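>>> following is a predicted model, sequence given first.
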Amino acid sequence: MTKIAKRTAAAREGIDPKAVYSVDDAVKMVKDRATAKFDETVEIAINLGVDPRHADQMVRGVANLPNGTGRSVRVAVFARGPKAEEATKAGADVVGAEDLLEQVQGGEINFDKVIATPDMMPLVGRLGKVLGPRGMMPNPKVGTVTMDVTKAVNDSKGGAVEFRVEKNGIVHAGVGKASFSETALAENVRALLTALVKAKPSGAKGTFVKRIALSSTMGPGVKVDIAEAATEAA
């Protein structure tokens with residue numbers, strides 16, 4: 001057995017693959033098994049009963065994690081005049097208009113998130129093929145097209161996590177780092193699940209949340225009790 005196989009087998013010890021666990025127990029199990037030499041990200045995977053090929057079954061939103069994400073987020077803001085000054089004061093890493101457009105078109109993308117004031121969207125729209133595939137295109141539904149750039153910047157650098165269902169009906173999101181306390185991680189998980197339930201689309205029929213699993217970057221998945229999680233998120 002290889003070293004990696006031994007490590008994987010050891011990590012799976014104590015996890016019943018057929019069992020589901022409470023959020024608190026799942027968090028503890030994931031933390032206990034996050035033994036890599038770096039601070040692993042704790043991730044959640046949620047299978048939904050939707051078909052995102054239909055517009056009325058698309059799930060998209062933002063969750064404000066009370067304990068942050070544990071990662072440093074660089075924010076770019078498309079704005080002019082007073083709003084550009086406001087963005088800079090709020091702590092945006094990059095602020096601009098046509099100059100920022102040229103920078104991105106030139107392949108210089110040294111940021112993780114993009115915010116824009118509504119009047120800048122015709123300009124930002126020209127970057128759809130660049131920002132879209134990276135999941136960075138500003139969208140009013142998740143608060144990244146707004147006149148309140150201060151709040152948007154603070155949220156982005158704080159604990160705001162965007163989520164969007166993939167074509168196979170799964171939502172993936174990071175909910176913190178393995179170095180976080182169990183309480184902090186559990187609070188973040190519940191905050192994301194609450195935001196997800198609120199984002200349930202009108203076209204979703206039957207069971208909305210079908211499966212929830214937590215894992216760390218290098219660790220095994222732990223199934224979460226849907227009934228308990230759904231009750232807490234309601």
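That came through fine.
>>> in a helix, G135, correct?
No: note on G135: no helix contains this position according to DSSP: H, G, I helix; E, B strand; the rest coil, which reports coil.
>>> so what's it up against?
Residues counted as contacts of G135 (CB atoms under 8 Å, 6 or more residues apart in numbering) are 162, 164. Yep, even glycine has a C-beta here, placed from its N, CA and C like the rest.
>>> try the one 3 residues further on
With contact set as CB under 8 Å, 6+ apart, P138 has these partners: 78, 114-116, 121, 124, 144-145.
>>> 10 Å - rerun?
Taking CB atoms under 10 Å, 6 or more residues apart in numbering as the criterion, P138 is in contact with 76-78, 113-118, 120-121, 124-125, 127, 131, 144-146, 152.
>>> for PyMOL, what selects the buried ones among the residues you listed?
Per 16 or more other CB atoms under 10 Å, the buried members of the contacts of P138 correspond to this PyMOL selection:
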select buried, resi 76+77+78+113+114+115+116+117+120+121+124+127+131+144+145+146+152
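>>> keep only those of the contacts of P138 that are in helices.
Of the contacts of P138, the ones assigned to helices by DSSP state H are 121, 124, 131, 152.
>>> what's the closest of those residues to N47?
Relative to N47, the closest of those is L131; by CB to CB it sits at 27.7 Å.
>>> what does the average pLDDT come to for the longest helix belonging to the chain?
For the chain, the helix that runs over the most residues, judged by DSSP H, is helix 182-198. Helix 182-198 shows a mean pLDDT of 94.
>>> A97 contacts G81, correct?
Yes: contact status for A97 versus G81: in contact at 9.4 Å, counting by CB atoms under 10 Å.
>>> for these two, list the residues in contact with both.
Common contacts of A97 and G81 (CB under 10 Å, 6+ apart): T117.
>>> which one of the two has more residues nearby?
The residue with the greater number of neighbours, taking A97 and G81 and applying other CB atoms under 10 Å, is A97; the counts read 19 against 9.
>>> what about the nearest residue to that one once chain neighbours are set aside, neighbour count?
In space, A97 comes closest to R80 once its chain neighbours are excluded; the distance is 5.1 Å by CB to CB, 6 or more residues apart in numbering. R80 has 15 neighbours, counted by other CB under 10 Å.
>>> cool, and D16?
Applying other CB under 10 Å, we find 10 residues neighbouring D16.
>>> my guess is it meets K223, correct?
Yes: with contact defined as CB under 10 Å, D16 reaches K223; the gap is 8.9 Å.
>>> farthest pair in the ones in helices among the contacts of P138?
Taking CB to CB as the measure, the ones in helices among the contacts of P138 span a maximum distance of 15.7 Å, between L131 and A152.
>>> and the residue nearest to L48 when sequence neighbours are not counted, backbone torsions?
Spatial nearest neighbour of L48, chain neighbours left out: G169 (5.1 Å); criterion: CB to CB, 6+ apart. The phi and psi torsions at G169 (degrees, to the nearest 10) take the values phi 80, psi 20.
>>> again, but for V62
phi -140, psi 140.
>>> which residues touch the nearest residue in space to it that is not next to it in sequence?
Spatial nearest neighbour of V62, chain neighbours left out: V142 (4.3 Å); criterion: CB to CB, 6+ apart. Contacts were defined as CB under 10 Å, 6+ apart; by that measure V142 touches 60-63, 152, 155, 160-164, 199.
>>> check D56 too.
D56 sits next to 50, 201-204 when contact means CB under 10 Å, 6+ apart.
>>> most neighbours among these, which one is it?
Tallying neighbours with other CB under 10 Å puts V50 at the head of the contacts of D56, with 22 neighbours.
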